[in-house]
Structure formats: structure tokens, C-alpha cells
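S.K.: Sharing a model prediction with you, sequence too.
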Amino acid sequence: MKETTTTIDTKQIAQQTVFPILFAISFSHLLNDTIQSLIPAIYPLVKNTYNLSFSQIGLITLTFQMAASLFQPFVGLYTDKKPQPYSLAIGMGFTLIGLITLSLSTGFYFMLLSVALIGTGSSIFHPEASRMAHAASGGRRGLAQSIFQLGGNAGSSIGPLLAAWIIVPYGQFSVIWFSIIALLAIVILSWVGSWYKGYMVNLKAKHGSKLHAVTNNFSRSKVIGAVIILLVLIFSKYFYMASLTSYFTFYLIDKFHVSVQTSQIYLFIFLFSVAAGTLIGGPVGDRFGRKYVIWFSILGTAPFAMMLPYANLFWTGVLIVPIGMILASAFSAILVYAQELIPGKVGLVAGLFFGFAFGMGGIGSALLGRLADSTSISHVYHICSFLPLIGIVTGFLPNIEGRKKG
């Protein structure tokens with residue numbers, strides 16, 4: 001198999017992009033995030049079954065997101081030093097166990113344990129999968145991350161539909177059928193792990209331990225400041241995303257009195273829009289600069305987000321499409337920008353940013369659930385509509401494309 005390297009010129013690297021591996025990782029990301037998206041998709045069902053409050057729903061999301069976020073930087077830091085080719089398959093094993101226990105859960109605390117196991121599997125998956133996508137990119141890092149993210153966002157959009165077709169009519173125990181997805185992912189990720197093991201052997205044999213990385217001339221304080229701005233942008237994106245992924249079905253049911261199945265279809269429309277917009281950020285960032293993509297993808301969401309709380313059902317369905325598509329282009333650009341800002345720390349950066357994103361989503365869901373209990377679900381959407389305006393801070397990011405070396 002043709003090997004990739006970080007030490008030859010950009011045109012030669014681009015010719016070595018390993019698309020079969022990128023597509024395999026993306027498909028595995030689809031399977032992983034399909035499983036993850038079942039958690040919020042079954043909230044209306046378990047809320048009624050176990051008489052849960054919005055605060056308890058928020059705590060379930062918080063438990064999952066914290067388990068999925070806390071370990072990610074440590075996984076990334078460790079694998080930067082000692083790559084673990086088969087860690088992805090092992091992580092999916094945790095997810096498989098979590099799915100089985102979720103299908104058998106009989107109460108709130110059992111559900112917390114189940115989602116924690118699924119979250120642990122996710123914390124292992126994301127940083128190392130991002131590293132493998134980086135290795136297979138052949139220098140087209142924005143494109144590689146977008147392909148990787150496309151699978152995850154597509155999986156997130158499929159989950160609500162599967163929940164509407166399978167879990168809502170057949171009940172909580174039907175979750176166990178999704179363990180087949182986890183088993184398929186384990187097989188694919190074992191194959192990807194074998195490729196990555198061979199890639200590392202070939203790379204070490206050709207270049208030894210001295211691998212060249214993209215560098216920049218920014219001071220430590222400048223890098224720290226830029227990372228803080230990126231984390232603020234992730235806070236804005238994922239707090240707003242939490243309002244839509246965790247509570248959009250409740251919002252539609254409360255305001256427009258639609259059925260659970262209909263609300264899941266609207267959630268699918270939003271998440272499918274997110275998946276459709278994912279491929280924009282990476283390639284456009286490769287060509288024109290990531291800072292501009294980040295700026296547009298967050299701040300550009302603001303007009304549509306601010307109109308959403310005042311829209312009727314038809315216009316709600318229309319508005320969530322540009323919201324999802326524009327917002328989706330942000331993360332791939334943010335992640336690759338950060339990896340170029342801190343060269344040589346691909347796993348650490350991926351773990352930090354994926355972990356922070358998951359953590360913000362979990363904290364946001366918990367806080368918004370408490371706010372919904374104390375006010376109303378509609379009030380939550382009025383408050384959250386202003387979050388994309390935080391995108392204005394992108395203007396303070398340094399123009400890294402103009403300073404980096406090939």
C-alpha cells in the first residue's frame with residue numbers, strides 16, 4: 001500500500017491522499033455517531049416511561065458528554081507519544097457494552113451508567129480517528145477532516161429517524177438491535193488499525209524519529225490567545241447545538257403540538273443539513289484560509305438563529321436548514337487551524353477540541369434543561385438565538401495561512 005509522509009512537498013503529498021482509509025474512518029464515524037444520536041432521540045420516550053424532568057434529561061446528556069470529553073485530551077496526548085492502532089476497535093467495544101445495558105436499563109441511574117459507557121467509547125474514538133484521518137490526508141488536512149466529520153454528522157442525522165422507525169414503536173429494548181452497528185464498526189476499525197500500524201512502520205523506516213511538521217513563528221502567548229478564542233467559538237457553537245439536538249423535539253411538540261414522530265423528522269432535517277454542510281469548511285479552508293471559514297460559519301448563523309423563535313412551523317423547517325449547513329462548516333476549519341497552530345500535536349489538539357466540544361454540549365444541555373424547567377422551552381430558544389453573535393471574536397485570530405511554512 002502506498003505510504004504517506006509529512007516531509008515532501010505539498011503537490012506530491014496531495015497525490016498520496018489515501019481515500020479508502022478516509023472513507024472507512026468516515027463510515028466508522030457515521031456508525032459511532034448514529035449510536036450516540038440514539039441517546040437524545042429516545043428522550044421523549046424515556047421521559048414519559050420513567051417520569052423524568054427536563055433537568056434529569058439534561059443530566060443524562062451531561063453524563064454522556066462528560067464521559068465523552070474528559071478522557072479525550074489524555075487519549076490524544078498519550079497516542080501522540082505512543083500511537084495505538086487498535087484503540088478504535090477497543091473503544092467501540094465500550095460502546096457495544098453501553099448499548100446493551102441501555103436497552104436493559106430500568107431507571108434513571110442505570111441509564112446514566114449506560115450512557116457513560118457509550119461516552120467512554122466515544123472519548124477513545126475521536127482523537128485517534130482524527131489522527132488517522134490526518135495520516136491519510138496526504139497534506140489535504142481540511143478535506144480529510146471534512147470527510148471524517150461528514151460521517152459523524154450523517155450518523156447524527158440518521159439516529160432520530162431510526163429512533164422514530166424502530167425505538168418509538170417497539171420500545172426501549174429495541175436499542176439492542178443497534179449492537180449490530182457497533183459490531184460492524186469494530187470489524188472496520190480493526191482493518192483501519194492494521195493499515196495505520198503498517199503506515200507507522202513504513203514512516204519510521206523511511207524517516208526514523210525525525211519527522212518534519214508544519215511550523216509557525218507565533219509566540220507562546222499568541223498561540224495561547226488564539227486557542228482561547230477558538231474554545232470560545234466552540235462554546236458558542238456547541239451551546240447552541242445543544243439547544244437543538246437535545247430539546248428541539250420538545251420545542252416543536254410544545255409550540256406546534258406535533259407528534260413525537262413528526263418532531264423526529266424535523267430533527268432529522270436539521271441534522272441532515274449539518275451533515276450536508278460539513279464538507280464545505282475543510283476544502284474551502286484549504287483553498288481560501290480557515291479563519292474566514294470560521295468567521296462565516298459561526299457569525300453567519302446569527303440572522304437565521306435570531307428569526308427561529310418567531311417562526312411558524314413551516315418557516316421553522318426552512319430556517320433550520322441554513323442554520324445547520326452554515327454552522328456545520330465551523331468545526332473542521334477550527335480543528336485543522338488549531339493543529340497548524342500547534343504542529344506535531346495532532347492527537348492532543350483533536351482530543352482537546354473534541355473533548356471541549358462534547359463537554360460544552362453536555363454542560364449546555366444540563367443548564368438549558370434547568371432553564372426550561374424554571375421558565376419554558378420557548379424561552380430557551382429566545383436566549384440561545386443570540387449565541388452565534390459570539391462569532392465576532394474570530395476577527396482577533398491571527399492569519400496563520402500567511403505565516404506557516406511548507
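M.R.: Sure thing, it's come through.
S.K.: After the lowest-mean-pLDDT helix or strand in the chain, which helix or strand is next?
M.R.: One helix or strand of the chain scores below all others by mean pLDDT, DSSP states H and E: helix 10-14, with a mean of 38. Scanning forward in sequence from helix 10-14 by DSSP states H and E, the next helix or strand is helix 19-41.
S.K.: which residues of the chain score low on pLDDT?
M.R.: For the chain, the stretches with pLDDT under 70 are 1-15, 206-216, 281-282, 285, 401-406.
S.K.: Give me the longest helix you can find in it.
M.R.: helix 220-256 (DSSP state H).
S.K.: Can you give me the buried ones in that one?
M.R.: Residues of helix 220-256 classed as buried: 223, 226-227, 229-231, 233-253, 255 (neighbour count, 16 or more other Cβ atoms under 10 Å). Just so you know, the C-beta spots here come from the backbone N, C-alpha and C atoms, and that holds for glycine as well.
S.K.: Between helix 19-41 and that helix, find me the angle.
M.R.: 50 degrees (axes from the mean of the first three to the mean of the last three Cα atoms, to 10 degrees).
S.K.: how far out from the middle of the chain is stretch 390-397?
M.R.: 21 Å (Cα atoms, centre = their mean, to the nearest Å).
S.K.: What of stretch 52-62?
M.R.: On Cα atoms, centre = their mean, the centre of stretch 52-62 falls 20 Å from that of its chain.
S.K.: So which bits of that stretch are buried?
M.R.: L52, F54, Q56, I57, G58, L59, I60, T61, L62.
S.K.: List the buried residues of the helix or strand just after the longest helix of the chain.
M.R.: Using DSSP H and E, the helix or strand that follows helix 220-256 in sequence is helix 260-288. Neighbour counts over helix 260-288 (16+ other Cβ under 10 Å) mark 260-286 as buried.
S.K.: tell me the contacts of the nearest residue to Y43 once chain neighbours are set aside?
M.R.: Among residues not flanking Y43 along the chain, I57 sits closest, at 5.4 Å (Cβ to Cβ, 6 or more residues apart in numbering). Neighbour list for I57: Y43, K47, S246, S365, G369 [criterion: Cβ atoms under 8 Å, 6 or more residues apart in numbering].
S.K.: next one: Y196
M.R.: Neighbours of Y196 in contact, by Cβ under 8 Å, 6+ apart: P83, P85, M132, A135.
S.K.: please redo it, this time with the cut-off set to 6 Å
M.R.: Counting by Cβ atoms under 6 Å, 6 or more residues apart in numbering, Y196 touches P85, M132.
S.K.: how far does stretch 338-357 stretch from start to finish?
M.R.: In stretch 338-357, first residue to last residue: 14 Å (Cα to Cα, to the nearest Å).
S.K.: Next up, phi/psi of K345, please.
M.R.: Dihedral angles of K345 (phi, psi; degrees, to the nearest 10) stand at phi -130, psi 50.
S.K.: Equivalent analysis for G344, please.
M.R.: phi 80, psi 0.
S.K.: Neighbours of it, how many?
M.R.: 14 (other Cβ atoms under 10 Å).
S.K.: number of nearby residues for the nearest residue to L184 once chain neighbours are set aside?
M.R.: Among residues not flanking L184 along the chain, L31 sits closest, at 6.3 Å (Cβ to Cβ, 6+ apart). For L31, the neighbour count with other Cβ under 10 Å is 25.
S.K.: can you check the one 3 residues further on too?
M.R.: Residues contacting T34 under the criterion other Cβ under 10 Å number 24.
S.K.: hang on, isn't it packed against P160?
M.R.: No: look at T34 against P160 with Cβ atoms under 6 Å: they stay out of range, at 10.0 Å.
S.K.: Give me the packing partners of the longest helix of the chain, helices and strands only.
M.R.: Here helix 220-256 touches helix 260-288, helix 330-341, helix 346-374, helix 377-384, going by 3 or more Cβ pairs under 6 Å, 6 or more residues apart in numbering; DSSP states H and E.
S.K.: and with 7 Å instead?
M.R.: helix 260-288, helix 290-299, helix 330-341, helix 346-374, helix 377-384 (3 or more Cβ pairs under 7 Å, 6 or more residues apart in numbering; DSSP states H and E).
S.K.: could I get those helices as TSV with distance to K204?
M.R.: Formatted as TSV, the helices and strands packed on helix 220-256 follow (distance: least, Cβ to Cβ, whole Å):
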stretch	distance to K204
helix 260-288	27
helix 290-299	30
helix 330-341	21
helix 346-374	16
helix 377-384	48
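S.K.: so how far is the host helix or strand of Y109 from its chain's centroid?
M.R.: Using DSSP H and E, the element containing Y109 is helix 108-136. Relative to its parent chain, helix 108-136 has a centroid offset of 11 Å by Cα atoms, centre = their mean.
S.K.: So F94: helix, strand or coil?
M.R.: Of the three states, F94 takes helix according to DSSP: H, G, I helix; E, B strand; the rest coil.
S.K.: residues contacting the closest residue to it other than its chain neighbours?
M.R.: Sequence neighbours aside, G121 is the residue nearest to F94 in space, at 3.7 Å (criterion: Cβ to Cβ, 6+ apart). G121 is in contact with G91, M92, F94, T95, G98, counting by Cβ atoms under 7 Å, 6 or more residues apart in numbering.
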